[in-house]
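> quick one, what's the 3D model for this:
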Amino acid sequence: MNIVQSRYVFGEDFTLSRLLVDGEVIPECPYILEDKVREVVGLPIAAWKVGGETAIPVGTYKVVVDMSQRFKKLMMHLLNVPGFDGIRVHAGNTSHDTEGCLITGRFADGREGMVWGSRDARDVLFNMVFKALGDDEEVWWTVEGLPEGGRNHVG
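Sure thing, here's the model as predicted:
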């Protein structure tokens, strides 16, 4: 299974993405909300990351379902994200709910940086990923998109 998160709104403190699973929009889970993209191409992560307030770097990451020590339940987990630990996919409504993680949404407001229907969206995506993994399929999550054509500014 290939999940592609394509960023398209770069807000002051949030980022909104469209989500495709194997090239298709899943109507129950078409959006991902995350923290602000601060990535600066060519600079080390330590130069631009703000702890708990930064979107993960563009790239492709393997997805597993494992037990979250923080949330005490099985959750989707992106592995080997450079400079980040414990990147989970979970429910929430604003970038204040993310701490670097990915928030699912059924509906989105790109001006306010909010998503709704997050729990239902998360459950639909989780069930798809859980089934794929149960069928011995690998699951990969690709994050695309930087503001200003691939350049961001420090700060």
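> return the residue of this structure that is most distant from the centre.
Distance from the C-alpha centroid of the chain peaks at residue 135, with 23.4 Å (C-alpha atoms, centre = their mean).
> tally up the residues packed near the closest residue to residue 34 other than its chain neighbours, please.
Of all residues not flanking residue 34 in the chain, residue 55 sits nearest, at 4.5 Å (C-beta to C-beta, 6 or more residues apart in numbering). (Glycine included, C-beta is placed from N, CA and C.) Other residues near residue 55 come to 29 when the count uses other C-beta atoms under 10 Å.
> how about residue 101?
23.
> hey, which helix or strand in this structure has the poorest pLDDT?
One helix or strand of the chain scores below all others by mean pLDDT, DSSP states H and E: helix 147-150, with a mean of 71.
> please, which helix or strand holds the residue nearest to residue 34?
Under DSSP states H and E, no helix or strand contains residue 55.
> quick one: pLDDT of it?
Residue 55 is assigned 97 on the pLDDT scale.
> can I assume it is in contact with residue 15?
Yes - using C-beta atoms under 8 Å, residue 55 is in contact with residue 15, at 5.1 Å.
> which neighbours do these two share?
Taking C-beta atoms under 8 Å, 6 or more residues apart in numbering as the criterion, residue 55 and residue 15 both touch 7, 34-37.
> residue 109: which of those is nearest?
For the shared contacts of residue 55 and residue 15, the residue nearest residue 109 by C-beta to C-beta is residue 34; the value is 14.8 Å.
> so which of the shared contacts of residue 55 and residue 15 comes closest to residue 143?
Checking the shared contacts of residue 55 and residue 15 against residue 143 by C-beta to C-beta gives residue 7 as the nearest, at 7.4 Å.
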